[in-house]
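Novice: my questions are about this predicted structure, shown below with the sequence.
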Amino acid sequence: MGAETSFAQDLSDISQMLQELEQIAQIVEQRLEQNETRGRTLTLKVKFSDYQQLTRSKTMLAPISELSMIFEIAKALFESINLENRSIRLLGISLSNLDNAKQTQVIQLPLFENADITWE
């Protein structure tokens, strides 16, 4: 579950990139909230103006869904990338290894149509 934004004009200012990253994190948080789920693996996607794409991921021990944690992890992953003065065309954040906040009920289906049969 995630969100990404392609920019009409490539971004070259790091503060603007971080501002956009925070807005994307807000969208991800809203989607997680709507679906009552959380995720343990955050993936950052960065596409440069030359269309080269990089992804960086971090898996947490506990599932996350709060904006502050989503943005903090995404920002740390972003700062680990060597931009080499390149412009960015797209930023994205996704969460995987989802864990429903609501307990899901497991239903055991019978193996045979007539489940009353016993074998002796």
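Specialist: Looks like it arrived, so ask away.

Novice: contacts, neighbours, all on C-alpha from now
Specialist: OK.

Novice: excluding its backbone neighbours, what's nearest the spatially most central residue of the chain?
Specialist: Centroid check for the chain by CA atoms, centre = their mean gives S94 as the closest residue, at 1.7 Å. Nearest residue to S94, sequence neighbours excluded (CA to CA, 6 or more residues apart in numbering): G2, at 3.8 Å.

Novice: quick one on the thing from earlier: can you tell me the SS state at the residue nearest to the centre of the chain?
Specialist: S94 falls in the strand class when you classify it by DSSP: H, G, I helix; E, B strand; the rest coil.

Novice: how close does the residue nearest to S94 get to G92?
Specialist: Separation of G2 from G92 (CA to CA, to the nearest Å): 7 Å.

Novice: how about the backbone phi and psi for D13?
Specialist: For D13, the backbone dihedrals (degrees, to the nearest 10) come out as phi -100, psi 120.

Novice: distance check, it against I24.
Specialist: D13 is 17 Å from I24, by CA to CA.

Novice: run through the neighbouring helices and strands of the longest helix along the chain.
Specialist: In the chain, assigned by DSSP state H, the helix with the most residues is helix 14-34. Helices and strands touching helix 14-34, by 3 or more CA pairs under 8 Å, 6 or more residues apart in numbering; DSSP states H and E, are strand 2-11, helix 67-79, strand 88-100.

Novice: out of those, deepest packed?
Specialist: Greatest average neighbour count among the helices and strands packed on helix 14-34 goes to strand 88-100 (a mean of 20), per mean count of other CA atoms under 10 Å.

Novice: what pairs with it, parallel or antiparallel?
Specialist: strand 2-11 (antiparallel), strand 37-48 (antiparallel) (DSSP bridges).

Novice: and it with helix 67-79, angle?
Specialist: Angle, strand 88-100 to helix 67-79, by axes from the mean of the first three to the mean of the last three CA atoms, to 10 degrees: 140 degrees.

Novice: now do strand 88-100, average pLDDT.
Specialist: Mean pLDDT, strand 88-100: 95.
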